[in-house]
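> Dropping a prediction and its sequence here:
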Amino acid sequence: MNAAAKNRKTATIVAGLVAGMVAMSFAAVPAYRAFCQITGFDGTTQRADKGADRVLARTVTVRFDATVSEGLPWTFKPEQIDQTLHIGETGLAFYKAVNTTDRPVTGRATFNVQPAKAGIYFKKIECFCFTEQTLKPGESADMPVTYFVDPAIADDPKLDDVQTITLAYTFFPWDDGEAVGGS
C-alpha cells in the first residue's frame, strides 16, 4: 500500500470517528433525559397517568420552590410553602407566574426533587412543566401540578428517613432560538 492510499484510509477512519462522535453528541441529551426519567436519577420526577392505587398511613411533607433563570422577565413563586399528604394521596399545588414585560414571553420549566433519591417515587399526573408556557404582556397565570408520592417508597429501606421532599422548578426562556429580552 502506497502513502496516498494509507493517507486516504487514515482520513476515512478519522472522518468516520468524527461523524460518530457528532452523532453521539446529538443522541446524548435525549439518552440522558430518558435515563433520568426511567431511574429518577438526580431527583428527576416521574409521570403517571392516574393516581396511586393505595394510600398509606405514613405522611410526607412536600415543600415547594421556584426560581427564574436570568433572561426570563417573569416573577414565579409557589402559592403555598408546603403540603403534608399521606403517601399515595393525590396533591394539587399551584405556582404563580407573571410576565413583567410589555410583550409576550414564552418559558419552560425544568424540575427536580430533593432528596434526589426520592425522584423515582415522586409522580406527576399533570404539570405546567410538561409544555412551554406563554404569557402575554403583564399577564399572570396560576400553574397547577397534580402529583403523588408512590406507595412503593415504603418498600425501599433507603427512603425510610425521607419525611420531606422539596419540589423545585426553574423557568427558562423558550423562544424558538430567539433570545428573550433582546431588542
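That came through fine.
> The closest residue in space to Pro78 that isn't next to it in sequence and His86: what is the separation?
Spatial nearest neighbour of Pro78, chain neighbours left out: Phe64 (3.5 Å); criterion: Cβ to Cβ, 6 or more residues apart in numbering. From N, CA and C alone the C-beta is placed, and that goes for glycine too. Using Cβ to Cβ, to the nearest Å, Phe64 is found at 18 Å from His86.
> The residue nearest to Pro78: what secondary structure?
Of the three states, Phe64 takes strand according to DSSP: H, G, I helix; E, B strand; the rest coil.
> Show the contacting residues for it.
Contacts here follow Cβ atoms under 8 Å, 6 or more residues apart in numbering; on that basis Phe64 touches 78, 80-83, 93, 95, 166-168.
> Outline the domain layout of this protein.
As assigned by automatic domain parsing, the chain contains the domains 1-39, 44-173.
> Least reliable of those by average pLDDT, please.
Mean pLDDT per stretch puts domain 1-39 lowest among the domains of the chain, at a mean of 60.
> any idea how far Leu92 lies from Arg54?
19 Å.
> For Phe130, what are phi and psi?
Torsion angles at Phe130 (phi, psi; degrees, to the nearest 10) stand at phi -80, psi -20.
> how about the helices of the chain, start to end?
With DSSP state H, the ranges of helices along the chain come out as 3-39.
> That one: strands as residue ranges?
Applying DSSP state E to the chain gives strands spanning 46-47, 59-68, 74-78, 82-86, 91-99, 105-114, 122-127, 133-135, 140-149, 164-173.
> now these in JSON lines, with distance to Ile13?
What follows is these, written out as JSON lines (distance: least, Cβ to Cβ, whole Å):
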{"stretch": "strand 46-47", "distance to Ile13": "42"}
{"stretch": "strand 59-68", "distance to Ile13": "47"}
{"stretch": "strand 74-78", "distance to Ile13": "50"}
{"stretch": "strand 82-86", "distance to Ile13": "58"}
{"stretch": "strand 91-99", "distance to Ile13": "52"}
{"stretch": "strand 105-114", "distance to Ile13": "39"}
{"stretch": "strand 122-127", "distance to Ile13": "46"}
{"stretch": "strand 133-135", "distance to Ile13": "47"}
{"stretch": "strand 140-149", "distance to Ile13": "50"}
{"stretch": "strand 164-173", "distance to Ile13": "40"}
